[in-house]
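**Q** please work out how this folds:
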Amino acid sequence: MVAMELQNSSNTITNSFNEKLEKIKTDFSHISDITKKLVKDDPRRVVHSLKVGLAITLVSLFYYFDPLYQGFGVNAMWAVLTVVVVFEFSVGATLGKGVNRVLATIIGGMLAVGAHRLSLLAGPKMEPVLMASSVFIAATIATFVRFFPKIKARFDYGVLIFILSFSLICVSGYREDEVIDTAHRRVTTILIGSSTAVITCLVIWPVWAGTDLHNLTANNIDKLGHFLQEFGVEYFKNAADATSKDSTKAHSGGFKNILDSKNSVDSLLNFAKWEPRHGRFRQGHPWLQYQDICELTRHCACKVEALHNVLHSDPQAPKEVKAKFQEPCSKISNETGKALKELSSSIRKMTQPTKVKSHIQNAKQATQNLNIFLHSKDIWKTFNLSDVTQVATITSTLAQVVTCTEEITKAVEELASLAKFKIIVDAKVEPENERFKKFNNQTSIKHRRSFNSHVIIVESSSQCTPKFSDGEDPPSLSMAQQNAE
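**A** This is a model prediction of the structure:
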């Protein structure tokens, strides 16, 4: 009996141990999967971790080596703390925090030393009263200043560090005589830590918030364009094609991230303003225009979400009703999708959106035709109101999408103008008369050009025509134009 109880107890312990072991293996597997996903989504995260480790190691040398430690003492720890606090993922975020921390520490230290000197003049009895009053006034005013929108957006961290520096130096200065020396060492170590963080972030595989904002804007517009191009095809497909419908639902769900992108856009915009000139982005690049474009993109995404919900709603409109509306609705959806993808490509390549207007014009023309069709009496005599309601909702939403696309186009064109995007001229579609006009206006004096055994004479006249010397048959006009150009 006792042996059986011991055996059962042993089995219970073994099973409990095995369960815990399996749970540990599952947790490790889950952590491994998360790690792989994080690295796969953005490999720059690994590099950022290595850069932070390198920067902290460099400033730690001030504490490890005696010659450096004797110069700064315990204040060398402020350099390590500064790197930990200041070092961010992007250059703009790191530079913004570094500048805020250094300037706030300098201003706070100077004001604290001044307050300390003034309190000494008041005598020993009034000194603590004046010091406490200085801390109260400075902390109150600085805290209230943090509520200003522009201050909170760019200098909130700096104001917070100002309060910290002013308070620490004032309080510690009451018990220490060497206030100026303490403030000097603290400012120096913070300057060293901020400089180390900024230089490391800037030199080793820099991550630019401006580039991320630029790509995010282009990708969001591209997602909308891709969905709209597929919407017309998928909605008017046979309802029995459930597999295609499910795949479209999974594929098009990515555009919903656009609706939640406001915080990301605002953060990247704030960081991009701190960044110097880099890559294709000049100093003073119109970053605020990206905020307007993203706002219009989110507004368009709301309309697209409505289309997405209709696409996967039950019941669907009858096939006969869909067939009546298929051609104009598909054209509107396809043309707006092409326009948005063209805008996305224009932003990504930083070129003028020259082909967008034709797509928008086609979409607006299809919308007008659809409105005429809806106001005709035939459609309402043939079908019931309940049968047409869903398709009518789609047509109304598509018309709003066309309006949103037109607004996005204007915003992108303004960005292209402010940022001086390149103008690409397609030589294949250049009219022949324009080419001939360029050929005629090449020069204002006579030029002689030879083509094998022929000579072309171009005269300075508005009615100038090419003349060929005697000899073999003259070359074609197109060849002459190409060589003249």
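**Q** and the longest helix for the protein?
**A** With secondary structure taken from DSSP state H, the chain has its longest helix at helix 2-41.
**Q** okay, residue 307 and residue 259: tell me how far apart.
**A** According to C-beta to C-beta, to the nearest Å, residue 307 stands 14 Å off from residue 259. From N, CA and C alone the C-beta is placed, and that goes for glycine too.
**Q** neighbour-wise, which of these two wins?
**A** The neighbour comparison of residue 307 against residue 259 (other C-beta atoms under 10 Å) goes to residue 307, with 21 against 15.
**Q** so the more buried one makes contact with residue 396?
**A** No: using C-beta atoms under 8 Å, residue 307 makes no contact with residue 396, being 10.7 Å away.
**Q** gap between residue 412 and residue 181?
**A** From residue 412 to residue 181 the distance is 56 Å (C-beta to C-beta).
**Q** of these two, who's got more company?
**A** More crowded of residue 412 and residue 181, by other C-beta under 10 Å: residue 412, with 27 against 11.
**Q** helix or strand: which one has that one?
**A** In this assignment (DSSP states H and E), residue 412 forms part of helix 385-418.
**Q** the stretch 151-300 of the chain: helices as residue ranges?
**A** Using DSSP state H, counting those that start in this stretch, the helices found in the stretch 151-300 of the chain span residues 156-175, 179-203, 209-235, 242-252, 262-272, 288-311.
**Q** of these, which approaches residue 59 most closely?
**A** Residue 59 lies closest, by C-beta to C-beta, to one member of the helices of the stretch 151-300 of the chain: helix 179-203, at 5.3 Å.
**Q** that closest one: which residues count as buried?
**A** Of all the residues in helix 179-203, those buried under the rule 16 or more other C-beta atoms under 10 Å are 179, 182-183, 185-198, 200-201.
**Q** cool, stretch 352-369 as well?
**A** 352, 353, 355, 356, 359, 360, 362, 363, 364, 366, 367.
**Q** and of those, the nearest to residue 88?
**A** Residue 88 lies nearest to residue 353 out of the buried residues of stretch 352-369, by C-beta to C-beta, at 33.4 Å.
**Q** the closest residue to the closest one other than its chain neighbours - how many residues pack around it?
**A** Among residues not flanking residue 353 along the chain, residue 346 sits closest, at 4.0 Å (C-beta to C-beta, 6 or more residues apart in numbering). Neighbourhood size, residue 346 [other C-beta under 10 Å]: 25.
**Q** surely residue 346 touches residue 416?
**A** Yes: using C-beta under 8 Å, residue 346 is in contact with residue 416, at 6.9 Å.
**Q** what sits in contact with each of the two?
**A** 352, 353 (C-beta atoms under 8 Å, 6 or more residues apart in numbering).
**Q** what's the pLDDT at the spatially most central residue of the chain?
**A** The chain has residue 213 as the residue nearest its centroid, 1.8 Å off, counting by C-alpha atoms, centre = their mean. Residue 213 carries a pLDDT score of 93 in this model.
**Q** so it versus residue 278, what's the distance?
**A** 13 Å.
**Q** and residue 91, by the same measure?
**A** 8 Å.
**Q** what residues are shared contacts of the two?
**A** Common contact partners of residue 91 and residue 278 (C-beta under 8 Å, 6+ apart): 206, 208.
**Q** neighbour count for those two, which is higher?
**A** Legend: neighbour count by other C-beta under 10 Å for residue 91 and residue 278, higher for residue 91 (23 against 16).
**Q** I'd guessed the more buried one sits against residue 208; true?
**A** Yes: if you go by C-beta under 8 Å, residue 91 and residue 208 touch, sitting 5.8 Å apart.
**Q** what sits in contact with each of the two?
**A** Each of 275, 278 lies in contact with both residue 91 and residue 208 under the rule C-beta under 8 Å, 6+ apart.
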